[in-house]
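# Give me the fold of what follows.
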Amino acid sequence: MNPRELLLGSFHAAVAAADPLRIVPPQLPTPPRGRTLVIGAGKAAAAMALAVEQHWPADAPLAGTVITRYGHGLPTTRIRVIEAGHPVPDAAGEATAREIFNAVQQLTPDDLLLALVSGGGSSLLSLPVASIKMADLKAVTQALLHCGAAIQEINSVRKHLSAIQGGRLAAACAATIHALVISDVTGDDPTHIASGPCAPDPTSYADALEILARYHCAAPAAVMDTLQRGARGELPETPKPGDALFARTENRVIATAQQSLRAAADFFERNGIPAVVLGHSVTGEAREIATLHAALAREIKSRGLPWRAPLALISGGECTVTVKGKGRGGRCAEYLLALTKELAGLEHVHALAADTDGIDGSEDNAGAITAPDTLARAAALNLDAAAHLADNNGYGFFADLDDLVVTGPTRTNVNDYRAMLIGA
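I've put the predicted structure just below:
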């Protein structure tokens, strides 16, 4: 295989390791004495629901609703699939979240709540507390996305503005809860995945206020008033670790970035390329991570340290982008454009960065690929890498070079995937 085929093959291996149709069936619980209600939210929700339908006993009651991003639905028969807004919530998500919340409250101790949780659920399963409107939640979400806050920080704020997240869904349910979770966050803690609707929340109203202040993030007056009232003890906190209500709840993480990175490493090694997994929880500004990775590639090429080429360097996690330009970006394209600029045509170094959900930010690509000749080809087309980077326009840069990776929705999500292939 050539470098491009190897990189693409490794990405597909990583995605396949988190395919709900493969990983959900072995994790399904035994049907209860009463009813089974399936609810879910996230980019993997439709595929998870389909996997449940295909493997649930035909004679056992099964019904429910899941919410996924627009364009990520699948045809199902027993579980309804609704599409809604992501990464910014919308009215469709709010209406469906309210239906789900009401249905969960009708369950009895003889019933089972099967919750299908995956990345993207924070926006999709949006039910604002009574003191704020959906427009307020959208505004603060948009502001946090643009200021460079990590997803855990964004979710800490959203939990305290939601009637359903931060463990509040579990608190409203009298049934046994079996939550199957596909992790899209570093650390794989269920409290951060889709803002933990069935998981205890260790954060507080005061934490949410501190995050907004630290990033100088402007929030609507109703949001600030709600958080301030909560910090003063005038509103009930989210359920905390150790609360007795979680004794009947299991949050089982069934797919992680680490598992997908290992699958990608195995792919490289089957093709004769040694692979090193740098970590599944690489976070920070995309440009800064790219600078570090480029420096590592140069050290390997010039000194054979800390590893000798040829090899593949693989990493996962979720970079952030502080948006200052007006271009069509995506954090994977931003990382890769910065890496391209730092490598400056270094021989025998190819790289791919792509989001395992198939959507880089809000664009129609999963990510992109760079090669030693990328800057030379760009120059021939009068594409200025530095100018595109300053405008957060990684998408435009790689689109003009025909180097985007386009898969369409994968209907799973275990965070970003990055691979550098370093030849001898």
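
# alpha carbons only for contacts and neighbour counts from here, please
Fine.

# Okay, and the beta partners of Val66?
Beta-bridge partners for Val66, by DSSP bridges, are Gly40, Val81.

# Does it touch Ile79 like I think?
Yes. Between Val66 and Ile79 there is a contact under C-alpha atoms under 8 Å: 7.3 Å.

# Quick check: neighbours shared by those two?
Residues touching both Val66 and Ile79 by C-alpha atoms under 8 Å, 6 or more residues apart in numbering: Val38, Ala49.

# Looking at those two, which one has more neighbours?
Neighbour comparison, Val66 and Ile79: the larger count goes to Val66, with 29 against 20 (by other C-alpha atoms under 10 Å).

# For the more buried one, give me its contacts.
Contacts of Val66 (C-alpha under 8 Å, 6+ apart): Val38, Ile39, Gly40, Ala41, Ala45, Ala46, Ala49, Ile79, Arg80, Val81, Ile82, Leu116.

# Could I have the buried ones of those residues as PyMOL selection syntax?
In PyMOL, this line selects whichever of the contacts of Val66 come out buried by 16 or more other C-alpha atoms under 10 Å:
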select buried, resi 38+39+40+41+45+46+49+79+80+81+82+116
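
# Just give me the closest of the contacts of Val66 to Ala222.
Using C-alpha to C-alpha, Ala41 comes nearest to Ala222 of these, at 25.9 Å.

# Next, the contact list for that closest one, please.
Taking C-alpha under 8 Å, 6+ apart as the test, what Ala41 contacts is Val66, Ile67, Thr68, Leu116, Val117, Ser118, Gly120, Gly121, Ser122, Leu124, Leu125, Ala194.

# isn't the fifth one right next to Asp184, touching?
So the one you mean is Val117. No. In this structure, Val117 is not within contact of Asp184 by C-alpha under 8 Å, at 10.2 Å.

# more crowded one of these two?
Val117 (32 against 29).

# which ones are touching the more buried one?
Contacts of Val117 by C-alpha under 8 Å, 6+ apart are Gly40, Ala41, Gly42, Ala44, Ala45, Ala179, Leu180, Val181, Ile182, Ile193, Ala194.

# Settle this for me: the first one is touching Ile79, isn't it.
This means Gly40. No. With contact defined as C-alpha under 8 Å, Gly40 and Ile79 do not form a contacting pair (10.1 Å).

# Overlap in contacts, the two.
Thr65, Val66.

# Now for this protein: which helix has the highest residue count?
helix 286-303 (DSSP state H).

# Quick check: next helix or strand after it?
strand 311-320 (DSSP states H and E).

# That following strand pairs with which strands?
Short version: by DSSP bridges, strand 311-320 pairs with strand 275-285 (parallel), strand 416-422 (antiparallel).
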